[in-house]
Structure formats: structure tokens, C-alpha cells
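Enquirer: I need the structure of the sequence given here:
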Amino acid sequence: MLVKRGLRADSSVDAVRRRLKLLGRLVPRPPRDTETIAVDASGVKADRIATPASRHDRHVLYLHGGSYVVGWPDLYRDLTWRLASLCRARVLCIDYRLAPEHPFPAPLDDAVAAYRWLLAQGAEPHRIALMGDSAGGGLVFATMLRLRDEGVALPAAAVVVSPWTDLALTGDSFRLNAAIDPLIPVELAPRVVDLCLAGADPRNPYASPLYGDPTGLPPTLILVGGDDVLRDDAVRMADKMRAAGCHVEIEVWPHMWHVWHMLMRVMPEAKAAIARIAEFMQDKL
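Expert: All right, here's what the predicted structure looks like:
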């Protein structure tokens with residue numbers, strides 16, 4: 001989702017992107033022994049990140065957040081190398097197309113294409129995990145739903161943080177946590193949804209996985225903050241998965257807000273969240 005600080009009700013997408021470009025310069029670079037290679041994943045731009053701890057037969061497909069209107073792999077470079085090391089995998093962080101230039105289902109098309117590219121490169125499904133946060137977390141679920149519906153072998157596991165699973169914006173926490181979540185400007189959300197969907201149904205399961213049937217999805221870890229406006233998006237998705245017989249673990253972290261895991265350099269709780277993700281992955285890949 002978008003960030004409150006510095007945003008106005010009339011902020012344009014271009015203005016938000018320019019601001020993030022400036023902030024992106026402050027994102028620390030990975031250690032020198034991190035390998036970051038730009039790849040073309042079946043027409044989808046992506047960075048492939050590996051560290052000395054990464055195994056060549058283990059893969060993480062990471063889908064970044066940003067409300068489907070902003071975001072790119074460089075903004076996540078301080079996270080993806082950590083995941084590569086802790087999960088002992090190569091991370092593919094894709095630069096999927098964004099709205100309003102490329103509304104739904106463009107991001108989903110790109111995520112599915114990147115997953116299929118991994119398979120074409122020889123990656124085995126039981127050695128792949130999908131991960132994402134915020135809009136990228138919702139996109140993880142949507143990607144798995146479409147892969148399942150198309151008869152493609154699913155990944156071994158999925159991990160999402162603060163997933164946006166309901167573009168209809170019906171969760172109670174969206175209203176209850178609006179004032180205490182420091183990250184999400186709730187008042188801009190309806191406008192963002194309009195840009196993302198361009199007239200598509202917000203209850204389409206490929207746009208809002210909360211309205212889909214999760215039967216058959218792989219083991220999934222969901223982390224969400226108790227102060228997150230998307231808390232109910234996560235909790236309701238977990239409930240739906242559980243009712244469908246899926247293996248799902250959900251943790252609501254008290255007093256944490258939207259995508260707090262990104263602050264791992266300054267917050268013990270963020271570092272602990274990354275460690276929890278790695279722990280979940282230990283026996284899944």
C-alpha cells in the first residue's frame with residue numbers, strides 16, 4: 001500500500017513515484033558478496049539475488065508491495081538479500097507492471113509468467129516458495145489460485161506479510177486502525193482501487209483472493225500487525241484457508257503496523273519477523 005507521510009488527497013501517482021525514487025536512494029545496498037543479476041523472466045523484468053548461503057536448487061519468487069501503483073525491486077534490496085541468506089535460496093524479485101498504465105490483470109499475468117519461467121529454467125515446484133507483502137501478498141494468493149486453475153504445479157509454500165486480499169475494502173480493521181497505522185492513507189484507498197482495477201469487479205478472486213476458493217493451496221504463513229489496517233484481510237484469508245482444509249499459520253503481532261518487517265535494521269520486531277519467515281521455510285523447500 002502507499003505511505004501516509006507526505007501524501008495529500010490530490011497526490012498524483014507520478015508524485016508518489018518521484019518521492020519513492022528519492023527515498024529509494026537511502027535503501028542500504030546488500031553486502032559485497034551478494035550477487036544481483038537483472039534477468040528477463042519471460043518478458044518480465046526481474047532481479048535475481050543470491051548470497052554465498054543460497055542454494056541453486058532453492059528459489060523464492062518475491063512479489064513487492066506498493067498498492068499495484070508503485071514499487072520495484074531496488075526498494076527491497078535490503079530485504080531480499082537477507083531472505084536469500086536466511087532461506088538459503090535464490091530470490092527472484094520481479095518488477096511487475098503497475099497501474100494506472102497497466103491495470104488488473106497485468107500484475108497477475110507477470111507473476112504467473114515469472115513462475116512459469118522458473119519452471120522452464122529447471123526449478124522444481126517443491127523447491128519454490130512464493131513470498132510477498134501488502135499488494136504483493138495478495139498477489140501471491142492470486143498467483144497460486146490461477147496456477148492451480150491452469151493446472152500448473154504449485155510451489156512448496158507461501159509466506160505473506162500484511163496481505164491485501166480484499167480490494168472491496170470491507171474489513172473492519174480498515175476503519176478501526178485507520179488512525180493508528182502510520183503507513184496506510186486509508187482515505188486514498190478507493191482512488192487507488194479504481195486505478196488498479198480500471199472497472200474490473202473488486203470481488204474477482206484473481207484481484208481479491210479473499211473471494212476465491214483456496215482449496216489445494218500449499219502451506220502458508222501469514223504475518224500481520226495488530227495495528228495494521230489490513231489485519232482483517234489477513235485474518236479472514238486465514239480463516240477461509242483453514243475452512244478449506246489448507247495448512248495455514250497466522251500470527252497477529254501486537255502493536256505492529258503495516259509491513260513492519262521492512263524496518264529490520266532498526267526494529268527488533270522486524271528482525272524477528274524475518275527470522276520467523278526463515279524458520280517457516282526451513283522444512284518447506
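
Enquirer: which residues of the stretch 151-285 of the chain fall in strands?
Expert: Remark: strands assigned in the stretch 151-285 of the chain by DSSP state E, counting those that start in this stretch are 157-161, 220-225, 248-253.

Enquirer: how about these in JSON lines, adding distance to A178, mean neighbour count and mean pLDDT?
Expert: C-beta: built from backbone N, CA, C; applies to glycine. Formatted as JSON lines, the strands of the stretch 151-285 of the chain follow (distance: least, Cβ to Cβ, whole Å; neighbours: other Cβ atoms under 10 Å; pLDDT from 0 to 100):
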{"stretch": "strand 157-161", "distance to A178": "20", "mean neighbour count": "27", "mean pLDDT": "98"}
{"stretch": "strand 220-225", "distance to A178": "14", "mean neighbour count": "26", "mean pLDDT": "98"}
{"stretch": "strand 248-253", "distance to A178": "17", "mean neighbour count": "17", "mean pLDDT": "98"}
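
Enquirer: right, so of those strands, which gets closest to D233?
Expert: Nearest of the strands of the stretch 151-285 of the chain to D233, taken as Cβ to Cβ: strand 220-225 at 7.9 Å.

Enquirer: Paired strands for that closest one, with orientation please.
Expert: Paired neighbours of strand 220-225 in the sheet (DSSP bridges): strand 157-161 (parallel), strand 248-253 (parallel).

Enquirer: For L217, find the nearest of those.
Expert: Closest among these, using Cβ to Cβ: strand 157-161, at 7.3 Å.

Enquirer: Now find how far off-centre that closest one is within its chain.
Expert: Offset of strand 157-161 from its chain centre (Cα atoms, centre = their mean, to the nearest Å): 8 Å.

Enquirer: ok so, going back, switch the strands paired with strand 220-225 over to CSV; also include distance to A273.
Expert: Shown next, in CSV, are those (distance: least, Cβ to Cβ, whole Å):
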stretch, distance to A273
strand 157-161, 7
strand 248-253, 7
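
Enquirer: of all these, which lies closest to P218?
Expert: Proximity to P218 (Cβ to Cβ) singles out strand 157-161 among the strands paired with strand 220-225, at 5.3 Å.

Enquirer: hang on, the earlier thing: Throw the strands of the stretch 151-285 of the chain into CSV and include distance to E101, thanks.
Expert: Output for those, formatted as CSV (distance: least, Cβ to Cβ, whole Å):
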stretch, distance to E101
strand 157-161, 25
strand 220-225, 30
strand 248-253, 34
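
Enquirer: Please identify which of those strands is closest to A275.
Expert: Of all these, strand 220-225 comes closest under Cβ to Cβ, at 11.3 Å.

Enquirer: How about exporting that closest one as PDB, limited to the C-alpha atoms?
Expert: Extracted in PDB, the C-alpha atoms of strand 220-225 (Å, rounded to 0.1, in the frame of the first residue of the first chain):
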ATOM      1  CA  THR A 220       1.200 -20.800   4.100                       C
ATOM      2  CA  LEU A 221       2.500 -18.400   6.800                       C
ATOM      3  CA  ILE A 222       0.700 -15.100   7.300                       C
ATOM      4  CA  LEU A 223       2.100 -12.400   9.400                       C
ATOM      5  CA  VAL A 224       0.200  -9.200  10.100                       C
ATOM      6  CA  GLY A 225       0.300  -6.400  12.700                       C
END
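
Enquirer: what residues does that strand touch?
Expert: With contact meaning Cβ atoms under 8 Å, 6 or more residues apart in numbering, strand 220-225 is reached by 157-163, 181, 230-231, 233-235, 237-238, 241, 246-253, 255-258, 260-261, 273, 276-277, 280.
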